[in-house]
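> Let's see this in three dimensions:
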Amino acid sequence: MFKYIIKRILIFIPTLLIISVMVFMLNMYAPGDPVYNMAGISPQSSKPLTPKAYNSIKKDLGLDKPPFYFTLSSKAYPDTLYRIPKKEHQNLLSRLVGKYGNWDEVRSYHKSIEAIESAVNSIRKDSLNPKALIKIKERVRGLYALHEDDRVKNNFEVADRYITSTPSTSVLSPLMADLRSSYAAMVNNPTTWKLKVPTLNFYGFNNQYHTWFAKFIRFDFGKSYQSKRPISEEIGERIYWTMLISIISLIIVYFMSIPLGVFSARKKDTRADNITTTILFVLYSLPSFWIATLLIVFLCNPEYLEWFPPYGVGTVPEGTGFFETFRIRAYHLILPLFCWSYGSLAFLSRQMRGGMLSVLRQDYVRTARAKGVDERKVVWKHAIRNSLLPIITLFGNIFPAMISGSIVIEIIFSLPGMGQYLYQAIVFKNFPVVSTIVMMLGALTMIGFLIVDILYAVVDPRIKYD
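Sure thing, here's the model as predicted:
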C-alpha cells in the first residue's frame, strides 16, 4: 500500500503540471486586457492609462516576460512579440503577420497607427473640432481591432473626411498619408512563404508560466483585480465558511444515507421501502435554488413564518462566549445546510440501497444466513463493507466540493464562501481568482481519488495494491 501511495503521488506531479499549463493558457487567452482589468478601467475610457502607468502594472503582473519556456511558430513571427506593450496591439500584429507574413511592414503600419493616435490626442479642442476629434479617435483606435481590407479602408476614408473638415485637424493629413502608405506596403508586399517555415524559440526559465507556477506552489496566488488584495488572503477568509458547511453537510449526509439505504434494502418492495424511495426520489428531483427560495419566502418572511434569518452567517459581538457564538451561527446556517444536504442525501441513499441489494444476493450472505447467523450481524458485519464501495467512489467527487462550495446556495443565502467568491470572479472577469480556484480543484480531485483508493483497501481486504 505504501509503495502504491508513493507511485500515485509521483503521478500527481505530471498531472498537476498538465493542469497548470491548461489553466495558464485559459488565463492568458481570456478576453480583456489584464492591465486594464487590474487598473479597474476600460481601454476605451476617456482617461486611459499613460504608457508609463501601463508598463508599470504590466511589469508588476509579470506580463513583460515571454509566455512560456519556448514557442513553436513560423519564420514570419518575431520572437519578441511579447514585448509589445498592449494586448490588443499584440493581437493585431499577430493577425496581420498571420495574414501577410511580412513583419517589418506590419510593424511599420502599427507604428503609423500609434503616431497618428498620439498626434490626435495632442490636438486641443476648439469651437470647430470637438466632433471631428471624436470621430477621428474612434476610427484610428478602431484600426487596432481590424485586419479585413475593406473595413480598414473604410476607417481610412471616414478619418480622412473628418481630418480635412477643420483647420486644427488638417495637420494630421501627412500622418494619414504615411498610414495609408505603410498599409499599402504591407498589403502589396506579402511574404506568406515565411508562414510555412517552422521556428522554435527558447526563452529559458524567465517566463510568465514559470513565474506564475513557482508562486502558486508557494501559495502566492497574485492579487485580485477587484479588491487589489492578495488572493491568498481572500481565500483564507472565505474557505472557512465553505469547509465548515461542507464538512457538517458531509457528516450529516453519510450518517443518514447509509442506515437509510440499508433500511430500504432490507425492506425491499414493502410499503416502508416504497414510501422511502418516493420521498428520496422527490427530494433528489427538487432543484436546490427553488427550495432555497421557498424557504426564504415562507420561513424567513414576517408575512408567513419568520423563524430563520434570510441571509448571512450572523454577527457575533466581541467577547461572546463559545455557546452563544455557536447558537448564532447555527441559527443562520440551518437553512443553507438543509439545501446543501438534501440532494446528496437522497442520491447517496439510493446508491447505498442499490449497493446493499447487490451484496445481499451474494453467495457468502446466503451462506451466513444458512448457518443461522443473526440477520443484524449479516447486514452490519458481512454485507455492509462491500456495499460501501459505491458510496466511497462518490466521495472522490464530493471532496473537491468542500473547497469550491455551492455557488447557488451561497449566493441565495449571501454566505461569504468560495462559491460566491468564484461566481463574483467570473462575473467581473477576475481571471487570477478563477485560475487559482480551478488549480486548487484539480489538486483536490487527485487527492480525493487517492483517498478513495485507500478507503477501498480499508473497507474490502480483498483489494490489494502491492
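
> Tell me where the stretch 301-450 of the chain has helices.
322-360, 363-370, 375-377, 384-387, 389-404, 407-412, 418-427, 431-459 (DSSP state H, counting those that start in this stretch).

> Tell me what angle the fifth one forms with helix 418-427.
Going by axes from the mean of the first three to the mean of the last three Cα atoms, to 10 degrees, helix 389-404 is angled at 60 degrees with respect to helix 418-427.

> Excluding its own residues, what touches helix 389-404? List them.
Residues from elsewhere that reach helix 389-404 (Cβ atoms under 8 Å, 6 or more residues apart in numbering): 239, 242-243, 246-247, 250, 254, 257-258, 344, 347-348, 351-352, 354-355, 418-419, 422, 437, 440-441, 444-445, 447-449, 451-452, 455-456, 459-460. Quick note: C-beta positions are derived from backbone N, CA and C, even for glycine.

> in the helix or strand where residue 277 lies, what's buried?
Here residue 277, judged by DSSP states H and E, is contained in helix 271-285. For helix 271-285, the buried set under the neighbour-count rule, 16 or more other Cβ atoms under 10 Å, comprises 273, 276, 277, 280, 283, 284.

> Tell me how far that helix lies from the chain's centre.
36 Å (Cα atoms, centre = their mean, to the nearest Å).

> same thing with stretch 38-57?
That offset, for stretch 38-57, works out to 25 Å (Cα atoms, centre = their mean).

> for the stretch 301-450 of the chain, what are the low-confidence residue spans?
For the stretch 301-450 of the chain, the stretches with pLDDT under 70 are 399, 402, 404-405.

> picking up where we left off before, mean neighbour count and distance to residue 7 added to the helices of the stretch 301-450 of the chain, as a markdown table?
Putting the helices of the stretch 301-450 of the chain into a markdown table (neighbours: other Cβ atoms under 10 Å; distance: least, Cβ to Cβ, whole Å) gives the following:
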| stretch | mean neighbour count | distance to residue 7 |
| --- | --- | --- |
| helix 322-360 | 19 | 28 |
| helix 363-370 | 13 | 32 |
| helix 375-377 | 10 | 38 |
| helix 384-387 | 19 | 25 |
| helix 389-404 | 18 | 18 |
| helix 407-412 | 20 | 35 |
| helix 418-427 | 20 | 31 |
| helix 431-459 | 19 | 10 |
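
> JSON lines for those helices, including distance to residue 133?
Below are the helices of the stretch 301-450 of the chain laid out as JSON lines (distance: least, Cβ to Cβ, whole Å):
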{"stretch": "helix 322-360", "distance to residue 133": "55"}
{"stretch": "helix 363-370", "distance to residue 133": "86"}
{"stretch": "helix 375-377", "distance to residue 133": "88"}
{"stretch": "helix 384-387", "distance to residue 133": "76"}
{"stretch": "helix 389-404", "distance to residue 133": "49"}
{"stretch": "helix 407-412", "distance to residue 133": "44"}
{"stretch": "helix 418-427", "distance to residue 133": "35"}
{"stretch": "helix 431-459", "distance to residue 133": "34"}
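
> Mind checking the ones you listed for the one nearest to residue 127?
Smallest distance to residue 127 across those (Cβ to Cβ): 43.3 Å, for helix 418-427.

> Need the contact partners of the closest one.
Contacts for helix 418-427 (Cβ under 8 Å, 6+ apart): 224, 226, 234-235, 238-239, 242, 403-411, 414, 430-431, 433-434, 437.

> switch the cut-off to 6 Å
238, 239, 242, 404, 405, 406, 407, 410, 411, 433, 434, 437 (Cβ atoms under 6 Å, 6 or more residues apart in numbering).

> and which of these is nearest residue 174?
residue 434 (46.7 Å).

> List the residues that contact the closest one.
Per Cβ under 6 Å, 6+ apart, neighbours of residue 434: residue 425.

> so how far is residue 27 from it?
Residue 434 sits 8 Å away from residue 27, going by Cβ to Cβ, to the nearest Å.

> got it, and residue 277?
Counting by Cβ to Cβ - residue 277 and residue 27 are separated by 46 Å.

> Residue 279 now?
45 Å.

> Could you say which helix or strand holds residue 200?
strand 198-202.

> In PDB, could you pull the C-alpha coordinates for that strand?
Presented in PDB, the C-alpha positions along strand 198-202 are these (Å, rounded to 0.1, in the frame of the first residue of the first chain):
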ATOM      1  CA  PRO A 198       8.600  26.500 -38.600                       C
ATOM      2  CA  THR A 199      10.700  28.100 -36.000                       C
ATOM      3  CA  LEU A 200      11.400  27.100 -32.400                       C
ATOM      4  CA  ASN A 201      12.300  29.900 -29.900                       C
ATOM      5  CA  PHE A 202      13.700  29.200 -26.400                       C
END
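
> Go through the following helix or strand past that strand and flag the buried ones.
Once the chain leaves strand 198-202, the next helix or strand it forms, by DSSP H and E, is helix 208-217. Residues of helix 208-217 classed as buried by neighbour count (16+ other Cβ under 10 Å): 208, 209, 210, 212, 213, 216.

> Just put those residues in a markdown table and tack on distance to residue 152.
As requested, these are exported to a markdown table (distance: Cβ to Cβ, whole Å):
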| residue | distance to residue 152 |
| --- | --- |
| 208 | 31 |
| 209 | 34 |
| 210 | 38 |
| 212 | 35 |
| 213 | 39 |
| 216 | 41 |
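
> which one of the residues you listed is nearest residue 65?
residue 208 (5.1 Å).

> How about the contacts made by that closest one?
Contacts of residue 208 (Cβ under 6 Å, 6+ apart): 62, 65, 67.
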